[in-house]
Structure formats: C-alpha cells, structure tokens
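[1] What follows is a predicted protein model with its sequence.
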Amino acid sequence: MPKKDPGARESVDALKVDQVLQTETGGRALTGPSAVLLFIVPVCWSLFQLWIASPLPFILDFGIFNSTEARSIHLAFAVFLAYSAFPMIKGKHTTKVPVYDWVLALAAAFAASYLYVFYDQLSTRPGAPITMDLWVALTGLVLLLEATRRALGLPLTIVAAVFITYSLAGPYMPDVISHKGVSLNKLASHQWLGTEGVFGVALGVSTSFVFLFVLFGALLERAGAGNYFIKMAYAMLGHMRGGPAKAAVVSSGLSGVISGSSIANVVTTGTFTIPLMKRVGFPATKAGAVEVAASTNGQLTPPIMGAAAFLMVEYVGISYLEVIKHAILPAMISYVALIYIVHLEACKLNMQGIERPNRPTLAQRMLTWVVLLLGLSALTLAVYYGIGWMKTLLGDAAIWVLGPLLLAIYIALVGYATRFPDLEEDDPSKEMGALPEVGPTVKSGLYYLLPVVVLVWCLTVERFSPQLSAFWATLFMIFIVITQRPLRAFFRKHGSLPAEFVGGIGDLFHSLATGARNMVGIGVATATAGIVVGTVTLTGIGLVMTEFVELISGGNILLMLIFTALISLILGMGLPTTANYIVVSTLMAPVIVTLGAENGLLVPLIAVHLFVFYFGILADDTPPVGLAAYAAAAISGADPIRTGIQGFTYDIRTAILPFMFIFNTQLLLIGLTGWVDLLLTIFSAVTAMLVFSAATQGFWFTKTRWWETVLLLLITFTLFRPGFWWDMVYPEFEDRPATEIYQHVENVPADKPIILQASGMSIEGDETSKYVRLTLPEGDTPQQRLMEAGLELSESGDRMNVDFVGFGSAAEDAGIEFGWTIDTVQVELDRPPKEWMFLPALLLLGALGYGQIRRKKREDALAPST
C-alpha cells in the first residue's frame with residue numbers, strides 16, 4: 001500500500017484556505033488588463049474614502065460631498081467590484097471577467113450613483129419620481145440583490161427578498177402580520193430614491209466609519225503587525241499548558257480589534273494557530289473550534305466590534321465612548337473565560353507547555369511582569385498627563401510640538417527594533433520547536449502600537465468623531481507603511497534606500513487595494529440590510545413583531561428573551577456581522593424595550609442592542625450554517641459541523657452573558673456607585689464566568705460529578721445576579737399610590753430618575769400599561785421639577801391624571817402621553833447591599849474546590865498502581 005504524502009495533504013489544505021480567502025477578499029484571481037483594472041478601482045475607492053474623511057475638502061472648499069452623495073458613490077464602487085470580482089457561478093470564469101459581467105458592473109454602478117449624478121433634479125421632486133427614476137430604482141434593487149448573492153451567498157439575499165415580498169403582499173399575509181401593502185412605485189421610491197432604505201443609516205456608517213477601520217486593518221496587516229501580534233502572543237503564552245491555543249485566543253482578540261469579520265479573523269490568524277494547536281496535541285475539531293470561538297469573540301471586542309459600535313452610536317443615540325464603556329467588561333469576561341476553557345481542555349488532555357529557550361526562574365519571571373506592569377503604567381500616565389499638560393500649556397500650537405515628538409518616538413522605536421531579528425512567519429509544515437524569546441519578540445515591533453495609540457487618543461482625549469479619528473490613525477499608518485522599510489535599511493546600513501522606499505510605496509498601494517476589496521462584502525451587506533430597515537419604516541412591521549412575540553411568549557420576559565435570541569441566531573446564519581446586527585436590532589430591539597416596559601423590566605437601550613448583537617455574532621459558529629466553522633474546518637481538516645458544534649459549546653459562556661446584563665446592568669458599567677462597586681462587579685463577573693466554564697466543560701481540578709455541575713451553575717447564577725435571591729428577602733422597590741408622587745420627588749436627587757407606572761390609550765387605540773423611567777432636573781418644588789421634565793399632573797382618586805406633556809421633553813421621550821394616568825410610583829427601599837449574597841456563594845465554591853483537590857490527590861496516588 002503506498003504511503004500517504006503529507007505534502008499532498010498540506011497542499012489540499014492550502015487550496016481550501018485559498019478558497020476561503022477568495023470568498024473574503026474577492027472571488028476571481030485575474031491576470032492581464034482585468035487584474036490591473038481591479039487593482040486601480042479599489043485604490044481609487046480607498047483614496048475617495050480618505051478624501052471625504054479628511055479636513056481637506058473644507059479647507060480647500062473643493063470636492064465636498066454631502067452624506068447622500070458619499071453613500072451613493074460608496075455603493076457604486078462596492079457593486080462594481082462585486083460584479084467584476086465575483087463570478088456569477090462559483091468556479092466559473094475565475095481567471096477572467098466575461099463581457100456580461102462588465103455590463104452588469106457598469107449598470108449597477110450607474111444605478112447606485114444615480115442619487116449623486118442626478119441629486120439636484122431628485123431634490124426638486126421628492127415623493128414624485130418620474131418614470132426613469134422608478135426604472136433605475138427597480139433595476140438597482142435587483143442588481144443589488146444579485147451583487148449580494150455573489151459576494152455573500154444566498155442567506156442575506158433571501159432575507160431581503162422576503163422583506164420586499166412582504167412589502168408588496170401585505171394584504172395577503174396572515175392576520176397577525178398583515179398590512180395594507182404598498183405599490184411597486186412606492187416600494188422603489190422608498191427603498192432607493194431616499195435615505196430610509198438602501199441609502200439609510202447603515203450604508204452611511206459603512207461609508208463614514210467602517211471603510212476607514214477596515215483600511216486601517218489592511219495597512220497594519222501589510223506592515224507586519226498581524227504577524228507581530230501572533231508571535232507576541234506565542235512568546236508570552238506558549239510555555240503554558242495548551243499555550244498555542246491560549247496564544248490563538250489572544251492573537252485573535254488583537255486581530256478582532258482591527259478586523260470587520262470573524263471569517264477573516266479565522267483565515268488570517270487560524271492559518272498559523274490551528275496547525276500549531278494540532279502539533280501540541282489538540283484534536284483537529286477542537287483546534288478549529290478554539291479558533292472559531294476566539295474569532296467570533298473578536299467581533300465583541302471594542303473599539304471596532306465588527307463595525308457594530310458605530311451603528312449603535314446612530315441607533316441608540318449615545319456617544320461612541322459610551323458604547324465602548326458598556327461593551328468592554330462583557331468582552332473582557334468572555335475572553336478570560338475562553339483562555340480558561342482552553343486551559344481546562346489542556347488539563348483534560350494532560351498537555352504540557354512548549355519549552356522556552358533560557359527558561360527564566362520564578363523570581364525572574366515575577367520581576368519581568370512587575371517591570372512590565374510598572375513600565376506600562378508609567379508610559380500610560382506619561383502619555384495621558386504629559387500630552388494633556390502640553391495641550392493645556394500650548395493650546396492650538398500643541399500639534400506642532402506633539403507631531404514632531406510622535407515622529408521622533410516612531411523613528412527611535414524603528415531604530416530600536418532593528419537591534420533584533422525580523423519576525424519570521426510560522427511554517428505549519430515544520431516540527432514545533434522552542435518558543436521565541438519574549439523580550440526580542442515584543443521589542444521588534446513596538447512601533448506598530450503607535451497608530452493604535454493615536455486612534456485611542458483621538459477618540460478618548462481629543463473627542464474627535466470616529467471618522468476623523470480613524471482618518472488620522474490611518475494617515476499615520478500610511479506613513480509607517482511607506483517609511484518603515486527605508487528606515488530599517490538606514491539603521492541596519494544594509495540595502496538601497498530608494499529601492500526600499502519604492503517597496504514601501506508598493507506596500508501602500510497594495511494595502512489600499514486590499515482594504516477596498518475587503519470592503520466589498522460589507523458595502524453591499526449594509527446596503528441590502530437597509531432594505532430590511534426600509535421595510536420596517538414602510539410597513540410598520542415593528543409593531544407587528546411586538547404583538548407576535550408577546551403572543552408567543554405570553555408576556556413572560558424570559559421566554560421573550562429566549563425567543564429573541566433564537567431569531568437572532570437564525571437571522572445571523574450566513575449574514576455578515578454588520579448586516580445581521582442591522583436586521584436583528586431593527587426588528588427585535590424595540591420588541592424587548594416595549595414588552596419589558598409593560599412587564600416592569602426597564603432595560604437600557606444599549607443593553608438591548610448588545611443582547612441582539614451578541615446572538616447575531618454567535619450565529620457565525622452555529623451549525624448548520626456557521627461560516628466561521630467552515631473556514632476553520634478548511635484549515636484543520638476536521639468536519640465543519642462537528643467543529644461548529646464544538647465551537648458553540650465553547651461559546652455557551654458568551655450566550656449567557658446577554659441574559660445576565662439584561663437583568664444586571666452593572667455588567668455594562670451602568671448604575672455603579674464608585675470604584676469599590678466597579679471592582680466588586682468585575683471580580684464577581686469574572687469569577688462567575690470561570691465557574692460557569694468549569695461547569696460546562698465538566699472539569700475543574702478534576703472531572704466534575706453531576707451534582708457538582710449543578711452547584712457550580714447555581715454559584716454562577718448567584719454571582720452574576722445576586723439580586724434574584726436578595727429581592728426575595730429584601731424587595732428593592734415598593735409600588736406606592738401615585739398621589740404620593742410629590743413626596744417621593746422631594747427626596748430624589750437632581751438628575752436622578754423616578755419610575756412610574758403609566759396607563760392609557762395607545763396611538764393604535766389599544767389600552768396599554770407600562771413602567772417608565774423619568775429623569776428629573778433641579779427645581780424649587782416637586783411640581784416645578786416635574787414641569788421641567790415636561791409633566792403636569794392633577795389628582796384623581798388614588799391616581800394622577802396627565803394634563804400636559806411638553807413637546808420634546810423627558811416625559812415625552814419616556815413614552816408618557818397626554819390623557820394618560822399615573823397609577824403608581826415605584827419607591828426604592830433601604831436594604832442591605834445585595835452583594836452579601838456573594839459570601840455563601842464563595843464559601844460553597846471554596847468547599848467544592850477543596851473536595852475536588854482532595855479527590856484529585858487520591859486519583860493521582862492511585863494512578864501508578866492501575
């Protein structure tokens with residue numbers, strides 16, 4: 001029997017990876033004039049996006065585009081590249097573009113740019129389109145759906161087609177979801193010729209923010225930062241049990257910060273991490289699953305979050321920094337838990353870490369970590385307070401000092417990096433050798449962190465818009481890509497400076513092309529998802545969904561959340577991160593808010609949006625469609641369904657987080673009273689997630705028994721939601737008659753909310769009752785404070801009539817309407833802190849741990865004799 005050639009298997013795996021990469025970055029591998037054109041067009045797209053993000057148009061008073069015009073051109077580039085880069089049938093015409101595809105590409109680009117070309121004429125006839133407008137709109141919708149099918153597959157195309165059908169066939173739908181229906185002309189006009197549908201908020205976010213961050217990531221990757229992050233993770237974590245898997249988690253998290261796709265994350269980091277995990281003993285299925293779980297979680301990590309962070313700014317109406325603040329703790333908890341799961345898997349497989357060269361002693365390692373932490377703290381304080389002080393001292397002139405200072409630091413770090421060998425990319429076909437040394441690995445690419453520092457500084461300190469912040473960070477990254485090669489040659493006194501400079505220019509243009517090619521799928525996805533948003537505004541399906549979910553759940557909050565989670569998972573199968581979030585948040589977020597308010601659960605809007613976002617992300621590894629699992633399986637050689645199932649078992653820890661922060665918003669850093677509260681929240685949440693990981697993996701210090709698993713789950717629930725038990729003993733609120741509202745308002749501090757139960761006739765003519773949160777400003781009397789909030793009341797028995805609601809006031813925003821009644825006022829009761837419930841939970845955890853350690857020792861003692 002002939003021996004199998006391992007090289008043949010490697011080439012097959014490489015072919016699969018190439019296919020996955022083609023799906024992410026463009027389906028055709030062209031040569032000749034077509035390849036040149038498909039290089040020039042993406043570069044032009046990137047230059048256009050940089051131009052509209054920069055201050056130059058306003059400084060020069062030239063080339064200024066309003067948001068609608070910019071969206072139109074943005075989509076024109078996206079659909080042109082979708083038709084020219086992706087074949088009509090997979091596997092056909094992969095090396096050339098047939099004539100009909102060029103025709104379709106030009107037709108789609110014309111339809112998309114129609115709003116820009118004829119902007120002045122369209123503005124003179126709003127709501128009264130002419131025949132040509134309608135033909136272009138209908139053609140544009142059809143071509144957009146086909147572009148989406150080519151770039152992203154059938155799922156999103158089918159979803160959009162279903163919503164278009166629903167718009168037209170409303171009267172023929174079942175009673176529970178029926179509506180009066182719309183004409184074809186109205187549909188075309190609404191979806192294509194205005195900013196309610198295709199050219200709405202979603203495409204606007206793609207145009208303004210997302211492109212620049214994807215381009216920023218492409219520049220970092222081309223410069224070598226992606227390989228640097230991976231090598232740094234291996235150098236620091238590879239010596240631990242299951243070290244390569246832990247390094248995969250960390251490197252995927254770092255890649256997730258700059259990546260817009262979990263699939264892209266898998267194929268970029270997974271190409272290196274999955275073979276390494278297999279080489280140290282992880283089965284192929286688990287190696288792929290770890291990478292899938294790490295990559296999908298990269299989408300949850302601020303500041304990018306698969307572009308959803310910028311969409312939340314628009315949909316929730318809070319600042320970008322607020323979104324980051326609310327999302328950071330759940331993302332951190334999720335990643336810590338995944339590293340712990342990998343550790344447990346390594347313990348179950350009895351793995352050991354990879355030997356380090358010149359292994360340091362325990363004292364040396366501790367000293368290294370102390371120096372590293374102190375150094376990072378000192379650097380952070382120096383940057384924050386040093387630059388802050390200089391800005392205060394120098395004012396507007398600070399930029400002329402800070403700019404050259406940043407340049408000097410960059411040059412110094414590049415010179416310092418040349419003292420160490422360049423990082424080589426790992427070869428999966430070679431045997432696992434010793435780990436790279438931590439010091440030289442970290443020091444060889446410190447200057448890659450400077451653009452991230454610039455980005456974070458612009459966002460958090462300068463408070464620039466995300467678009468402008470991304471522009472300055474990207475501009476600095478362009479400078480690095482052009483100059484790092486000649487600077488390295490200069491410091492090493494090796495190589496030709498002109499040749500290296502030309503090489504840097506080549507790297508820049510390749511990055512511009514790659515960034516734009518990576519945006520094709522996101523561009524058409526956000527436009528197609530806009531069809532769903534347009535359908536909601538056109539048909540009123542949002543109200544229908546509320547009634548439908550209420551009917552299914554029977555008003556039960558938990559059932560409603562589970563049902564919403566399932567819909568998010570189903571809609572997320574096959575949809576890109578951004579499109580899935582747009583679809584699910586448009587349909588389901590208002591449902592949770594409305595039904596929650598009716599049942600006494602006042603959920604902050606950001607918590608609702610993060611809830612649906614988390615479950616949409618989890619669809620990437622949920623069988624049978626999980627695209628990230630298919631990408632990982634192509635690399636690992638395992639079965640994609642089994643990889644997806646295993647990845648989902650790892651991601652169960654992420655699935656419980658949204659339920660927890662809906663009921664305990666402290667996990668989103670909402671309602672904290674100080675640093676002690678913050679630290680206690682972080683400690684309890686991280687501990688709870690680690691305990692939950694041990695419970696779901698069936699292993700802690702040793703294999704867990706069934707009753708230990710039950711107790712671990714009980715401890716997890718208690719640490720995540722201590723108020724559930726505490727409320728049974730000490731209720732948090734008491735409903736008082738509405739006539740006591742003035743006495744209650746007198747005791748409420750300024751800018752603090754009160755909770756009221758209000759009832760009355762809704763706009764649809766239905767009797768409704770719901771709880772509302774009303775923030776009260778300062779005032780001399782309770783009546784005046786309520787008036788400042790836009791509410792004027794009169795007494796009627798044990799209720800209060802709403803005599804007046806101020807237009808645009810806090811009362812109107814809370815959902816109170818004229819003619820309603822205030823039935824009760826919810827008063828917070830004095831009670832001991834709910835965190836006292838942590839004590840019995842931690843004592844029980846300690847007892848379980850002690851029992852497991854004793855059992856582990858007995859098992860180890862018996863092992864040699866068996």
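    Received it, and whenever you're ready, just let me know what you need. Please read all numbers here as calculations on a predicted model, not as lab measurements.

[2] Quick one: the strands in the protein, in order.
    733-737, 752-761, 767-776, 791-796, 799-805, 821-828 (DSSP state E).

[3] Any chance you could give me the second one in PDB, C-alpha atoms only?
    Yep, that's strand 752-761 we're talking about. This file holds the C-alpha atoms of strand 752-761, laid out as PDB (Å, rounded to 0.1, in the frame of the first residue of the first chain):
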ATOM      1  CA  LYS A 752     -31.800  61.100  39.100                       C
ATOM      2  CA  PRO A 753     -34.700  59.100  37.700                       C
ATOM      3  CA  ILE A 754     -38.000  58.100  39.200                       C
ATOM      4  CA  ILE A 755     -40.000  55.100  38.000                       C
ATOM      5  CA  LEU A 756     -43.700  55.500  37.300                       C
ATOM      6  CA  GLN A 757     -46.400  53.100  36.100                       C
ATOM      7  CA  ALA A 758     -48.500  54.900  33.400                       C
ATOM      8  CA  SER A 759     -51.500  53.600  31.500                       C
ATOM      9  CA  GLY A 760     -53.800  54.900  28.800                       C
ATOM     10  CA  MET A 761     -54.800  54.600  25.200                       C
END
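
[4] Residue 406 is nearest to which of the strands of the chain?
    Of all the strands of the chain, strand 767-776 sits nearest to residue 406, with 41.4 Å by Cβ to Cβ. To be clear about C-beta, it is placed using only N, CA and C from the backbone, and glycine gets the same treatment.

[5] Just checking: what are the partner strands of the closest one?
    Applying DSSP bridges, strand 767-776 is found paired with strand 752-761 (antiparallel).

[6] related to what we said a few turns ago, need the strands of the chain in a markdown table (columns: mean pLDDT and distance to residue 300).
    Shown next, in a markdown table, are the strands of the chain (pLDDT from 0 to 100; distance: least, Cβ to Cβ, whole Å):
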| stretch | mean pLDDT | distance to residue 300 |
| --- | --- | --- |
| strand 733-737 | 84 | 32 |
| strand 752-761 | 83 | 29 |
| strand 767-776 | 82 | 27 |
| strand 791-796 | 84 | 39 |
| strand 799-805 | 85 | 39 |
| strand 821-828 | 85 | 32 |
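
[7] where are the low-confidence patches of the stretch 1-150 of the chain?
    Counting by pLDDT under 70, the stretch 1-150 of the chain has low-confidence residues at 1-29, 91, 93-94.

[8] Next up, the contacts around residue 745.
    By Cβ atoms under 8 Å, 6 or more residues apart in numbering, the contact set of residue 745 is 754, 776, 782, 785, 786.

[9] Check the gap between it and residue 809 for me.
    For residue 745, the distance to residue 809 equals 16 Å [Cβ to Cβ, to the nearest Å].

[10] The residue lying closest to residue 58 once chain neighbours are set aside and residue 52: what is the separation?
    In space, residue 58 comes closest to residue 64 once its chain neighbours are excluded; the distance is 6.6 Å by Cβ to Cβ, 6 or more residues apart in numbering. Distance of residue 64 to residue 52, computed by Cβ to Cβ: 9 Å.

[11] which of these two has more neighbours?
    residue 52 (22 against 12; other Cβ atoms under 10 Å).

[12] Not counting sequence-adjacent ones, nearest residue to residue 565?
    residue 615 (4.7 Å).

[13] Next up, the contacts around the one you found.
    564, 565, 568, 569, 572, 584, 655, 658.

[14] what's the answer for residue 115, then?
    68, 69, 71, 72, 122, 193, 199.

[15] Highest neighbour count among those?
    Neighbour counts for the contacts of residue 115 peak at residue 71, which has 30 neighbours (criterion: other Cβ under 10 Å).

[16] tell me the contacts of it?
    Per Cβ under 8 Å, 6+ apart, neighbours of residue 71: 115, 195, 199, 203, 204, 207.

[17] run the last query once more with 10 Å
    With contact set as Cβ atoms under 10 Å, 6 or more residues apart in numbering, residue 71 has these partners: 65, 112, 115-116, 195, 198-208, 523, 526-527, 530.

[18] For residue 188, which non-adjacent residue is spatially closest?
    Take residue 188 and drop its neighbours on the chain: the residue closest to it by Cβ to Cβ, 6+ apart is residue 137, 3.8 Å away.

[19] if I look at that neighbour, how far off is residue 680?
    In terms of Cβ to Cβ, residue 137 sits 56 Å off from residue 680.
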